[in-house]
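Participant: below: sequence and its predicted model.
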Amino acid sequence: MLSFPSLGINQERWNRLLLTSFWCVLVLSVALECMFLQITKVPTEEFVRLYIVKPTLILIVIVILAESSVRLLKKHHDYVLITSATLITVTITSIHSSLEYLLFFLFFPIMISIFYFQYKKLLYAIINTGIAFFSLYLLDPDIHESISSIGAIAMAGILFIYSGIAFGVLARGREAFMHLRTSYESNQELLVRTILMDKLAKTDALTDTYNHMAYHEYKDHLVEQADNGGLSLHLAILDIDNFKKVNDTYGHKAGDEVLQKVASIARSKTGSNDFVARYGGEEFVILFTEKSFQEVHDLVEDIRSSIASTHHDALNGLNVTVSIGLNPYSPGMGKEELFLRADSALYEAKHSGKNRTVVASPRLAEV
């Protein structure tokens, strides 16, 4: 099964964003306290000490510890950030215990946990929120006095409802994710299947070179580039000498092994920008690109001599030779003439002793 990109991707960036949000909460808290300072009836010195300096120092310690833990710990960053969010909400809520509506700020850790898209993180945040709520209600005198038991139960119920909504959001998101994952895997499998089918359609099964159809498709494209003056192009046609005799003497299986070996040598000697194809029977074509005539000629001769010096077990240790016709392309020659001139050079090589390379004679316009 193909894997879908992990949900952990860019997690470091998201952790950084969450830490930045903690700093923003800290700055916003200080800014709001400074605004309240203008209208409060609490003495200025007392207000600054209790509502600005004290909570700010606590929040700074919490955020710095969160920053350090995320940097130093190799894992569990998610739990650190959820816990830090809980401590931040408890600090802000306890400082302003007379403002009952701030208790709903305890939902902040639950919101943070949704970023991780995991039920266990959400459950951890809900537990943190529950502990924080009941700890504040039981331990903070102001909150305990200002909220009745019915009010506390109502707030707990509201937090529970919000938690249920968070579970629903997460469930819907995971459902959408699973649908996306299924679609992604189906598309990937289809893409792989299409690539394999395309490769099979253009590959000769026996020699693992390109086939006749792929050669014509590729040649047309290269000739067009060569006519525009942006590409050096040469065509070599290789034909195994006396191949019919090989089949008649040793059988077609031995002939197939010879074809495979010849193709393997040709592929090993050519570069990634060259194109080797089985044109038909015992005949191969090679399109050389981005090479000078001398480089191509040396490569062709290397291929020919390597084939001639290779012994074949299927032929009881004997070797085979190839004749080669080579034709350099010049702009305006056209794809038909490119092949015909190389084929004529091959014909000359065959009828002048075989096991040799013959270069096509220059075009009349070039003489």
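Facilitator: Yep, that arrived.
Participant: ok, Tyr162 touching Phe107?
Facilitator: Yes. Contact criterion C-beta atoms under 8 Å: Tyr162 and Phe107 qualify, at 5.5 Å. For the C-beta atoms, the positions are set from N, CA and C on the backbone; glycine is no exception.
Participant: just give me the neighbour total for Tyr329.
Facilitator: When counting by other C-beta atoms under 10 Å, one arrives at 25 neighbours for Tyr329.
Participant: what are the boundaries of the helices in the chain?
Facilitator: With DSSP state H as the criterion, the chain has helices at 11-37, 44-47, 54-72, 77-95, 108-114, 119-139, 141-146, 149-202, 212-227, 243-250, 252-269, 293-308, 335-350.
Participant: adding distance to His234 and mean neighbour count, write those helices out as CSV.
Facilitator: Below are these laid out as CSV (distance: least, C-beta to C-beta, whole Å; neighbours: other C-beta atoms under 10 Å):
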stretch, distance to His234, mean neighbour count
helix 11-37, 51, 15
helix 44-47, 88, 11
helix 54-72, 59, 15
helix 77-95, 59, 22
helix 108-114, 63, 22
helix 119-139, 63, 17
helix 141-146, 88, 14
helix 149-202, 21, 12
helix 212-227, 10, 16
helix 243-250, 24, 15
helix 252-269, 14, 18
helix 293-308, 4, 17
helix 335-350, 9, 19
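Participant: and of these, who's closest to Ala236?
Facilitator: helix 293-308 (5.2 Å; C-beta to C-beta).
Participant: which elements pack onto the helix or strand of the chain with the lowest mean pLDDT?
Facilitator: Sorting the helices and strands of the chain by mean pLDDT, DSSP states H and E puts helix 141-146 at the bottom, at a mean of 71. When contacts are defined as 3 or more C-beta pairs under 8 Å, 6 or more residues apart in numbering; DSSP states H and E, helix 141-146 packs onto helix 119-139.
Participant: let's go with 10 Å and repeat that
Facilitator: helix 77-95, helix 119-139 (3 or more C-beta pairs under 10 Å, 6 or more residues apart in numbering; DSSP states H and E).
Participant: among those helices, which is nearest Val320?
Facilitator: helix 77-95 (65.8 Å).
Participant: for the closest one, C-alpha coordinates in CSV please.
Facilitator: Provided in CSV are the C-alpha atoms of helix 77-95 (Å, rounded to 0.1, in the frame of the first residue of the first chain):
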residue,chain,number,x,y,z
HIS,A,77,6.3,18.3,22.3
ASP,A,78,2.5,18.1,21.9
TYR,A,79,1.9,17.2,25.5
VAL,A,80,4.3,20.0,26.6
LEU,A,81,2.3,22.6,24.7
ILE,A,82,-1.1,21.3,25.9
THR,A,83,0.1,21.4,29.5
SER,A,84,1.6,24.9,29.0
ALA,A,85,-1.7,26.1,27.5
THR,A,86,-3.5,24.8,30.6
LEU,A,87,-1.0,26.5,33.0
ILE,A,88,-1.5,29.8,31.1
THR,A,89,-5.2,29.6,31.3
VAL,A,90,-5.1,28.7,35.0
THR,A,91,-2.8,31.6,35.7
ILE,A,92,-4.9,34.2,33.9
THR,A,93,-8.2,32.8,35.3
SER,A,94,-7.0,32.7,38.9
ILE,A,95,-5.6,36.3,38.8
